[in-house]
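Student: can't give you the sequence, but here's the structure:
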């Protein structure tokens, strides 16, 4: 997998990171993985997809809640104490990310893929942010919610993603020094963002 | 000044932000301001240049130290309590940044210019980071110090810049969401970084 070109995209909620990644993958002829990472993790591990989805990009401690309230989720591999479930979910995702990355060039969205793939492939790590106004407008339009609801979703999801990323990696989600390239999609739009990432790839040094 | 195109560059110590800014300004035919901001602040305010340099990109509280140990620094405008000195230095720099920005298109390095110019001009905010290895190598080569000394300078200066930026702006230095574009110079080199910033400017939406 050392020569596989992998682009990871971290993103603020509502910033268009998904669309940017999808368009980038399509233009480059790369595979694209977002929720597909969970599906692959479920297939490989035997963990129920619903448990993976319920805890997607959430800090492991929230699994205590899943354990206390959930039922019928736990696959063959997931039994015993909370830690075991947390660990199993963690391992399942890491394995899925590495397994997908080994197949060939791809774009992966979220789920700490930047951290898990470091040193293993020809990696480019991107983070997409955008102004609150731009994001609230997008969330409102795409999800049919009020501005207040959009702002609440945005804050809650960003907090959750940051907590998941920080606790998993020991880094700080969205801090520039941990990424090769960070851009504001509200300043560029989806097309401009894709063009900028492609320019970065064109000029990236062979190290 | 509303139509003046200003590019601000925040940078980790040793990342080459200065060179990138200088080359960018030269290619675009823009003015370039780094330490020149301090010179302009001294000229405008009457504060001694040495006092401005000594406290350059340092948190205001360190002025207590300057006050306790310094002598002969204080210009006509700077008398009285520590707060007054801190405030005078702050005002002098803000005025210098705004005054230089009002003259025409330019590139400005550091000193919270991104924050002070927000909403006042056609602003593009950039942050340059780089791997520790890349930075230590550069600092060692350019300043003729040992690797250990370079690593110490790097940590100390970054801490000082972060503290100055965070206390001045209420934001977090180097957090992607506060900048339009963040890039790793160790992945691009100076030429690649300049090309990437120019691509950003080409695709930047008119908002």
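Tutor: Received the coordinates, thanks. The model shown is predicted, which means the values in this text are computed figures rather than measured ones.
Student: would you map the helices across chain A?
Tutor: A:17-28, A:36-45, A:49-54, A:63-69, A:82-103, A:113-116, A:132-143, A:147-169, A:185-203 (DSSP state H).
Student: out of these, which gets the lowest mean score?
Tutor: Comparing mean pLDDT across the helices of chain A, the weakest is helix A:63-69, with a mean of 47.
Student: picking that back up, among the helices of chain A, which is nearest chain B?
Tutor: Of all those, helix A:185-203 sits nearest to chain B, with 3.6 Å by Cβ to the nearest Cβ. Just so you know, the C-beta spots here come from the backbone N, C-alpha and C atoms, and that holds for glycine as well.
Student: show me which residues of the closest one are buried.
Tutor: Residues A:185-190, A:192-197, A:199-201, A:203 are the ones in helix A:185-203 that count as buried (16 or more other Cβ atoms under 10 Å in any protein chain shown).
Student: what packs against that helix?
Tutor: Here helix A:185-203 touches helix A:17-28, strand A:122-129, helix A:132-143, strand A:181-184, helix B:185-203, going by 3 or more Cβ pairs under 8 Å, 6 or more residues apart in numbering or on different chains; DSSP states H and E.
Student: select, out of the ones you listed, the one closest to residue A:109.
Tutor: Among the helices and strands packed on helix A:185-203, the nearest to residue A:109 by Cβ to Cβ is helix A:17-28 (4.9 Å).
Student: thought residue A:106 was touching residue A:100?
Tutor: Yes - taking Cβ atoms under 8 Å as the definition, residue A:106 is a contact partner of residue A:100 at 6.5 Å.
Student: so how many other residues sit close to residue A:206?
Tutor: Other residues within reach of residue A:206, judged by other Cβ atoms under 10 Å in any protein chain shown, total 4.
Student: could you do residue A:180 as well?
Tutor: By other Cβ under 10 Å, neighbour count at residue A:180 equals 24.
Student: check contacts around it.
Tutor: When contacts are counted by Cβ atoms under 8 Å, 6 or more residues apart in numbering or on different chains, residue A:180 touches A:124, A:125, A:126, A:200, A:204, B:183, B:184, B:187.
Student: ranking those residues by neighbours, who comes first?
Tutor: Busiest of those [other Cβ under 10 Å] is residue B:183, holding 30 neighbours.
Student: wouldn't that one be in contact with residue B:196 here?
Tutor: Yes - using Cβ under 8 Å, residue B:183 makes contact with residue B:196 at a distance of 5.7 Å.
Student: which neighbours do those two share?
Tutor: A:181, A:200.
Student: centre-most residue in chain A?
Tutor: residue A:110 (0.9 Å; Cα atoms, centre = their mean).
Student: how near is that residue to chain B?
Tutor: 15 Å (Cβ to the nearest Cβ, to the nearest Å).
Student: and the residue lying closest to that residue once chain neighbours are set aside, what is it in contact with?
Tutor: Nearest in space to residue A:110, with sequence neighbours left out and distances taken as Cβ to Cβ, 6 or more residues apart in numbering or on different chains, is residue A:57 at 5.8 Å. By Cβ under 8 Å, 6+ apart, the residues touching residue A:57 are A:110, A:111, A:160, A:161, A:164, A:165.
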